[in-house]
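[1] sequence isn't available, so here's the structure alone:
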RNA sequence: AGCGAGGUAGGGUAGCCAGGAGUGCCCGCCGGGCUCAUAACCCGGAGAUCGGUGGUUCAAAUCCACCCCUCGCUACCA
């Protein structure tokens, strides 16, 4: 039994969860569930990032203290993940006491290794946008976002010697090719690191809402450093269950924050004398109805609304099925409906319904010889999931669904009687049973409903082969209802 | 500008790394079969100069060069 530590990023709580948060969390959940199915000892982390200037400002706007404000937003995340059937083992908040302790100890170690020095942060700042802008981003000396003039600001700050770790990072990428995943995105990072790395400002004087920088109490720890360390505080580092689950098997992140996880994070860990994680997997982004998602565009999709309308499993299915994990995709309701009607209702739902109808009408003994196991390749699906390829894994399951439907037609099951019919039903029920096991990480509710209708015990990956069918079939309506447009 | 990813039938994709008849899948379209099934399922068919040009090779979607187009990233904006 292997230990498996998987994480999502912790989400910034200046707003309620959107479709992107839901996507990352759901994909991680599928992997966590898959590993449990394999019998692994899984530790699955998600949580919230609650410090920093933006939260401070958002709190002021609501007339609350920062803590009151985050306490009011965090339940929305917790509830959302409940709705999504997310099976996280821990929900980490950066305002937790444990986290505070871990961050301080983590920084102490970096400080002791001589990688922190006092300096001056200098940069361009757009006051109305409240954003720092780099030299490169400037457009004719003006803010690239709003076009207004920018101010030069100077601020005392403590720096981390990131530049020092350039070669060690390149070595890490070379020795552990899986670290930068998916591999087609790896070159981007490698080339940028080769170009050289600037040291990083890791504290702020002007911000109050954050973890105290013990080495100089006029400063607080900058939010991203604070946030990254949560992967360790969830394990109660440096004690706790660290030895067992660290290094993490995979950090699931969106490609926008890949840099923090593939460059800054491992460098910080090296400095603190901690092993880097085994893999950082950067997934793609969703557009919505073909357009970039954003608050300014007013097209942010509320995942809870979608679930209310279509159900949890259809959305989970869509997440895994609409695009290969890693790549970008487009979220649209019409595409979601097309998948529900064409795949969940017509392929899967129909297969189960028609098979169970045949089974219930049949009075004889359900037994026979395996025929529908041809092409069933569990090892292949294991390999795909090992590569975090949920997309092709589901496709492989769907091949089973389609060939089972074909089987009924080819055998003309409705014309058969007696032993011949018993044999066909045996093959169908075994095939469906295996499909339901394989689907359990992706559509847990649906998997469970199929299992109930088959009347079989809960099973693991080892039962994904044809044996004797031991179940009491009891049909219970359609798995999915057609969505009328 | 630099770096990266991609351009394959009406749409969406796989195949490319380790060249071998345009080979596969999904949706859509056309025709047929069937009635166990939510007008569901199954079979067959039409539809592609594999972005362009040149090169390597007995053989190129696949390798190389150049060009065109689309998208992403460019660091302290989680």
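    Sure thing, it's come through. Keep in mind it's a predicted model, so treat the numbers as computed, not measured.
[2] neighbours of residue A:467, how many?
    9 (other Cβ atoms under 10 Å). C-beta here means a position set from N, CA and C on the backbone, and glycine is covered the same way.
[3] identify the residue spatially nearest to the one residue in the stretch 351-485 of chain A that gets nearest to RNA strand B, adjacent ones excluded.
    Nearest residue of the stretch 351-485 of chain A to RNA strand B: residue A:478, at 2.8 Å (Cβ to the nearest atom of the strand). Spatial nearest neighbour of residue A:478, chain neighbours left out: residue A:349 (5.4 Å); criterion: Cβ to Cβ, 6 or more residues apart in numbering.
[4] how much space separates the one you found from residue A:3?
    Applying Cβ to Cβ, to the nearest Å, the value for residue A:349 to residue A:3 is 37 Å.
[5] count the residues that sit near the residue of the stretch 351-485 of chain A closest to RNA strand B.
    12.
[6] next one: residue A:396
    Neighbours of residue A:396 (other Cβ under 10 Å): 19.
[7] double-check that it belongs to a strand.
    No. Read with DSSP: H, G, I helix; E, B strand; the rest coil, residue A:396 is helix and lies in no strand.
[8] residues contacting it?
    Residues in contact with residue A:396 (Cβ atoms under 8 Å, 6 or more residues apart in numbering) are A:377, A:380, A:381, A:384.
[9] filter the residues you listed to the buried ones?
    A:381, A:384 (16 or more other Cβ atoms under 10 Å).
[10] I'd like the next helix or strand past the helix or strand of chain A with the lowest mean pLDDT.
    Within chain A, no helix or strand scores below strand A:131-133, which has a mean of 64 by mean pLDDT, DSSP states H and E. Using DSSP states H and E, the helix or strand that follows strand A:131-133 in sequence is strand A:151-160.
[11] against RNA strand B, how distant is the residue lying closest to residue A:65 once chain neighbours are set aside?
    Leaving aside its chain neighbours, residue A:65 sits nearest to residue A:59 (6.3 Å; criterion: Cβ to Cβ, 6+ apart). Separation of residue A:59 from RNA strand B (Cβ to the nearest atom of the strand, to the nearest Å): 14 Å.
[12] what about residue A:59, how many residues close to it?
    When neighbours are counted by other Cβ under 10 Å, residue A:59 registers 20.
[13] try residue A:379
    Counted by other Cβ under 10 Å, the residues lying close to residue A:379 total 7.
[14] now do the one helix or strand it maps to: distance to the chain's middle.
    Element membership of residue A:379, judged by DSSP H and E, is helix A:378-386. Mean C-alpha position of helix A:378-386 versus that of the full chain (Cα atoms, centre = their mean, to the nearest Å) differs by 19 Å.
[15] so does that helix get close to RNA strand B?
    No. On the criterion Cβ under 7 Å from any atom of the strand, helix A:378-386 is out of touch with RNA strand B, staying 11.4 Å away.
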